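1. please find the sequence and the predicted model below.
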Amino acid sequence: MMKNVTLVLSDGTRFRGKSFGYDAPVAGEVVFNTAMTGYPESLTDPSYAGQLMVLTYPLVGNYGVPPFTIEADGLPTFMESERIHASALIVSDYSEEYSHWNATESLACWLKREHVPGITGIDTRELTKVLREHGVMMGKILFDDEPDNIPEADYEGVNFVDRVSCKEVIRYNEGAGKKVVLVDCGVKANIIRCLVERGVEVVRVPWNYDYTDMKYDGLFLANGPGDPDMCSDAVEIIRKQMSQSTKPICGICMGNQLLAKAAGAEIYKLKYGHRGHNQPVRFVGTKQCFITSQNHGYAVDANTLDFDWEEMFVNMNDGSNEGIRHTTNPWFSSQFHPEACSGPVDTEFIFDMFVTTLR
Ligand SMILES: NC(=O)CC[C@H](N)C(=O)O
């Protein structure tokens, strides 16, 4: 029997639903994602740490969950990390039946095993309208048969990157050729896969590791959860690296924000963020538009970029920054996810640009 639950937003708005995942109350930042598919990838994306993920696509669970297998290179075959990072999943209509060639279990089983609450029967269209008007809010999932005795969650003041980053150095593709230091703020596996596939050696280091005395050919700044202002240690190290050499640097999402901060620019919080598979971005200086996969709540204030930096991509919906580049050095980054997983793969050329600059 599914238990009755209530989702309570910080402005007091309530939504009634049923629990289909792990039965436990939870609090976090409520954010919506407009993608039609990709719940295994999104749930395991470490950038969702601390967030209750609302899917606007109504029917969820109908293709089940792929197996958790690990490849010879140490990366999961179908997931973006070792576990679910989102604090909960909120859907309109959970499908108990599932069918897919690669499914080995249901979404409900997976959520239960990973101790992650999932709720269904929520009017996600109404909920999304509330979040769009008000902006993202903190929220709680409460069980009707239990008193509200969980503490309010904090989001902005928490260093989620420190929680999800690796704790020691991990190497992939050793001896392959050009060596890339990957700063793990909460890296998605497909960023590593995209680098490994292009024949580079990847040295994955914790977010606050000082790599500036190491021997390597390029620096890659990964995605990660929470407020980039929590990562000043990483910013200082990037700044040190930029003052020492003109080695190539590339960043994705949190990586874009950290590179911008290292360059002296400011970050602000978007009203409700960009999460989904169909965010249009324009490649500045061209008439090319790409449909991109995104998951971020903060953005770079392009007006605060120094004279030797410029915008590389701009969001065509709201004009916000989607990437920056240095005017002379091979330093650039994207706010969107060129590695997809899930979402369109049209911007994977960012990895080619980076690997070309290494050579
Ligand atoms: N996917 C990411 O790297 C997200 C970056 C940052 N946590 C944000 O929300 O903007």
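-> Noted; the coordinates are in hand.
2. let me know the secondary structure of Tyr63.
-> Reducing the assignment to helix, strand or coil with DSSP: H, G, I helix; E, B strand; the rest coil, the entry for Tyr63 is coil.
3. what's the burial count for the closest residue to it other than its chain neighbours?
-> On the basis of Cβ to Cβ, 6 or more residues apart in numbering, the spatially nearest residue to Tyr63 that is not a chain neighbour turns out to be His100, at 4.0 Å. Every residue, glycine included, has its C-beta placed from N, CA and C. Other residues near His100 number 11, with proximity taken as other Cβ atoms under 10 Å.
4. residues contacting His100?
-> Residues touching His100, when contacts are defined by Cβ atoms under 8 Å, 6 or more residues apart in numbering, comprise Tyr63, Gly64, Pro66.
5. surely the second one is in contact with Cys109?
-> Same thing as Gly64. No - applying Cβ atoms under 8 Å as the test, Gly64 and Cys109 come out as separate, 9.1 Å apart.
6. any idea how far the nearest residue to Gln257 once chain neighbours are set aside lies from Asn329?
-> Spatially, and ignoring its direct neighbours in sequence, Gln257 is nearest to Pro228 (4.0 Å; Cβ to Cβ, 6+ apart). Pro228 sits at a distance of 21 Å from Asn329 (criterion: Cβ to Cβ, to the nearest Å).
7. what's near enough to touch the residue most central in space within the chain?
-> Most central in the chain under Cα atoms, centre = their mean is Ser47, positioned 3.5 Å from the mean C-alpha point. For Ser47, the contacting residues are His85, Gly186, Lys188, Asn223, Gly224, Pro225, Cys253, Met254, Asn295, His296, taking Cβ under 8 Å, 6+ apart as the criterion.
8. what does the protein put close to the ligand?
-> Taking Cβ under 6 Å from any ligand atom as the measure of proximity, the chain contacts the ligand at Ser47, Asn223, Gly224, Pro225, Gly226, Cys253, Met254, Asn295, His296, Gly297, Tyr298.
9. at which residues are the helices of the protein located?
-> Along the chain, the stretches classed as helices by DSSP state H are 39-44, 107-113, 124-134, 160-164, 189-197, 232-244, 254-262, 349-358.
10. mean confidence score for the first one?
-> It stands for helix 39-44. pLDDT averaged over helix 39-44 equals 98, rounded to a whole number.
11. and it, what does it pack onto?
-> Under the contact criterion of 3 or more Cβ pairs under 8 Å, 6 or more residues apart in numbering; DSSP states H and E, the helices and strands touching helix 39-44 comprise strand 51-55.
12. partners of the strand it packs on in the sheet?
-> Based on DSSP bridges, the strands next to strand 51-55 in the sheet, each with its direction, are strand 26-33 (parallel), strand 88-90 (parallel).
13. tell me the most buried of the ones you listed?
-> Comparing the strands paired with strand 51-55 by mean neighbour count (mean count of other Cβ atoms under 10 Å), strand 88-90 ranks first with a mean of 28.
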